[in-house]
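what's the 3D shape of this:
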Amino acid sequence: MKRSRTLGWSTLLAGLLALSACVTINVYFPAAEAQEAAREFVEKVIGDDMQPAPDPDAPPTTDVGTGMHGGLAMLAFFISSAHAQTADINIRTPAIQAIQSRMAARFQSQLAAHFDSGALGFGKDGLLVVRDAAKLPLKDRAAVNTAVSDDNRDRAAVYREIAVANGHPEWEQQIRDTFAKQWVASARSGWWYQDAGGWKQK
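Residues are numbered from 1 along each chain as shown. Next comes the predicted model:
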């Protein structure tokens, strides 16, 4: 009797450990949180006012329940912790904020006027594109091309950095896709953007 009880507990413990291992390995991409992070980042770059985002350093709230058996309570804790780790996208690292500051300064001083004129547009890949070079004054073309190249380098870096900062380098393409949509969503009326069908004006 004692041996079968010990065997039962061992089996239960092994099952709980296996299940918790599966839960922590199966990490999903938090699309809604990534979209909110992209909105916050993009609107700071292009200069729109926005609501403050939730504090990413706030501890997650976990309600495990009071009537659960110890082993099940522990499993619920691990599942909640695994879920909490993917429930927020951190864009407040020093590296990300430095890139954001550079992009915002560049956008206001060198790029925004050329979005207004229609010379620049948001590419479908989350990068900037010189859409119509004829709309750039000849004297400004070299400087604008350099600013676009610098901005695209920062964009690629920030998509990679956000994925790495959140512990999932494999999310880089999903981060890029999310940001590509947000640049368009935050674009002002009259600005150009690219989709699968070509260029469109917002």
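
Now do the contacts for the nearest residue to L136 once chain neighbours are set aside.
Of all residues not flanking L136 in the chain, A119 sits nearest, at 4.8 Å (Cβ to Cβ, 6 or more residues apart in numbering). (C-beta placed from N, C-alpha, C; glycine too.) Counting by Cβ atoms under 8 Å, 6 or more residues apart in numbering, A119 makes contact with 130-133, 135-136, 144.

repeat for A38
For A38, the contacting residues are 175, 178-179, 181-182, by Cβ under 8 Å, 6+ apart.

which among the contacts of A119 gets closest to E33?
R131 (31.3 Å; Cβ to Cβ).

so what's the residue nearest to that closest one when sequence neighbours are not counted bridging to?
Of all residues not flanking R131 in the chain, G121 sits nearest, at 4.0 Å (Cβ to Cβ, 6+ apart). Judged by DSSP bridges, the bridge partners of G121 are V129, W192.

among the contacts of A119, which are in strands?
Using DSSP state E, V130 are the members of the contacts of A119 that sit in strands.

Tell me the buried residues within the contacts of A119.
130-131, 136, 144 (16 or more other Cβ atoms under 10 Å).

I'd guessed Q194 sits against G121; true?
Yes. Here Q194 lies in contact with G121, judged by Cβ atoms under 8 Å, at a distance of 6.1 Å.

Next, show the common contact partners of the two.
Counting by Cβ under 8 Å, 6+ apart, the residues touching both Q194 and G121 are 129, 131.

These two: who's more crowded?
More neighbours surround G121 than the other of Q194 and G121, with 24 against 18 (other Cβ atoms under 10 Å).

Could you measure from that one over to V164?
The gap separating G121 from V164 is 28 Å, by Cβ to Cβ, to the nearest Å.

What of S189?
35 Å.

Mind checking which of those two has more residues around it?
Set side by side, S189 and V164 show more neighbours around V164, with 16 against 6, by other Cβ under 10 Å.

looking at this, that one is in a strand?
No. Judged by DSSP: H, G, I helix; E, B strand; the rest coil, V164 forms no part of a strand; its state is helix.

list the contacts for it?
Per Cβ under 8 Å, 6+ apart, neighbours of V164: none.

distance of it from K181?
From V164 over to K181 (counting by Cβ to Cβ), the distance is 21 Å.

quick one: which helix or strand includes the closest residue to I162 other than its chain neighbours?
Of all residues not flanking I162 in the chain, I175 sits nearest, at 5.2 Å (Cβ to Cβ, 6+ apart). Assigned by DSSP states H and E, I175 belongs to helix 172-186.

Spit out the contact partners of G118.
With Cβ under 8 Å, 6+ apart as the criterion, the residues that contact G118 are 131-132, 135, 190, 192, 201.

Give me the nearest residue to it, chain neighbours excluded.
In space, G118 is closest to K135, 5.5 Å off (Cβ to Cβ, 6+ apart).

any idea how far that neighbour lies from K202?
16 Å.

Give me the below-cutoff pLDDT ranges for this protein.
1-27, 48-87 (pLDDT under 70).
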